[in-house]
Each structure stands twice: as C-alpha cells, then as structure tokens.
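In: Everything below, folded, please.
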Amino acid sequence: MKLQIIITILIFGVMTASAQQNRGSSCEEMSGILDSVLNNADKDDVLVVVGRLGTMDKNPALNARRLSNIKMYLTQFHKDTVFAKKPENLVLATGEAIEGQGTIDLYFKGKLFVTFTTYPNGDLYVGECAVDLEIYSSRCEMDSQKVFYPCREN
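Out: Take a look at the predicted model:
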C-alpha cells in the first residue's frame, strides 16, 4: 500500500512539473507587465528586450515575430508612450537558443525585470486578450490586433 502511494505521488509530481514546464506566459500576464513598464517609464529609460528561441520551437521566424509583438504593443497599441516618442529607448535583441521553451527577457532600469515563457511554436499574444465571440469570430478581426502576429499575416 505504501509503495502504491509513493508511486502515485511521484507520478502526480512528474505530471504537475510537465504541465508547468509547458505553460507559457498568458496574454493577460504579459500585457499587464508591459503596462507596468509603460506606467513607470521616464523619457530617458531604456527597455532592452531579448528573445530566445527554445529547442521546442521549430519556426526560426518566431523570435522576430515575438519581438515585433512587444514593439508594436509598446509603440502602436499604446501610441502615446515613451517608446513611441523615443524609439531608440526600446532595444530588441536576439539571444542564443535555450533548452526547452523560448523566453523573452525584459531589462528595465538596468535590471532584469521579468522573463516571459513562450508557448512552443507559438506567437507571443498581447493586446486585446479577451475576445467577444458574439461580435468577432477571432481576435484578428479587431482593428487593434492587426499590428500583431499572427494577425499581421491576414
């Protein structure tokens, strides 16, 4: 009986760790953190964004797409921002690929502010996170989302 309980606990632990490992940062989480950066940015603050593909990512264009979505959120989705007025204060960089899921690191005010985990082979979703499906069949029908990937392709 004890062995069965131990095996059950081990299996549950492995399943929980696996589920957490494949969890990407949510649209709400990322948009909220980016809003926090915008609300706390002064005209001379620099934001460095480093995107890293993960070994689970199969599309090499994903890093550029994810970085583009961050840039569009900070400069187009919210048009009257420090980064829209001073685009040189937003630095986008590509880092080396990492094991597992891809990441996006934000360095703000000279320190690592946050690391977003991306969904394997997925775009980075920001902006309008909740879509009223009675009005729109997809988020890409919303004008505000058309600056972001994957909607930019449509």
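In: Spatially central residue for this structure, please.
Out: The centre of the chain sits closest to Leu124, judged by CA atoms, centre = their mean, with a distance of 4.3 Å.
In: What's the local residue count around the residue nearest to it when sequence neighbours are not counted?
Out: Nearest residue to Leu124, sequence neighbours excluded (CB to CB, 6 or more residues apart in numbering): Arg66, at 4.0 Å. From N, CA and C alone the C-beta is placed, and that goes for glycine too. Residues near Arg66, counting by other CB atoms under 10 Å, number 27.
In: what about the helix or strand hosting Arg66, average pLDDT?
Out: Assessed by DSSP states H and E, Arg66 sits inside helix 62-72. In this model, helix 62-72 has an average pLDDT of 97.
In: Please name every helix or strand in contact with it.
Out: strand 47-52, strand 90-94, strand 103-108 (3 or more CB pairs under 8 Å, 6 or more residues apart in numbering; DSSP states H and E).
In: so where's the chain uncertain?
Out: 1-23, 154 (pLDDT under 70).
In: mind redoing it with 50?
Out: Low-confidence segments of the chain (pLDDT under 50): 3-21.
In: those helices in it, which residues are they?
Out: Taking DSSP state H, the helices of the chain run over residues 2-21, 27-40, 62-72, 82-85.
In: Rebuild the helices and strands packed on helix 62-72 as a markdown table, extending it with distance to Ser137.
Out: A markdown table is the format used below for the helices and strands packed on helix 62-72 (distance: least, CB to CB, whole Å):
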| stretch | distance to Ser137 |
| --- | --- |
| strand 47-52 | 30 |
| strand 90-94 | 32 |
| strand 103-108 | 28 |
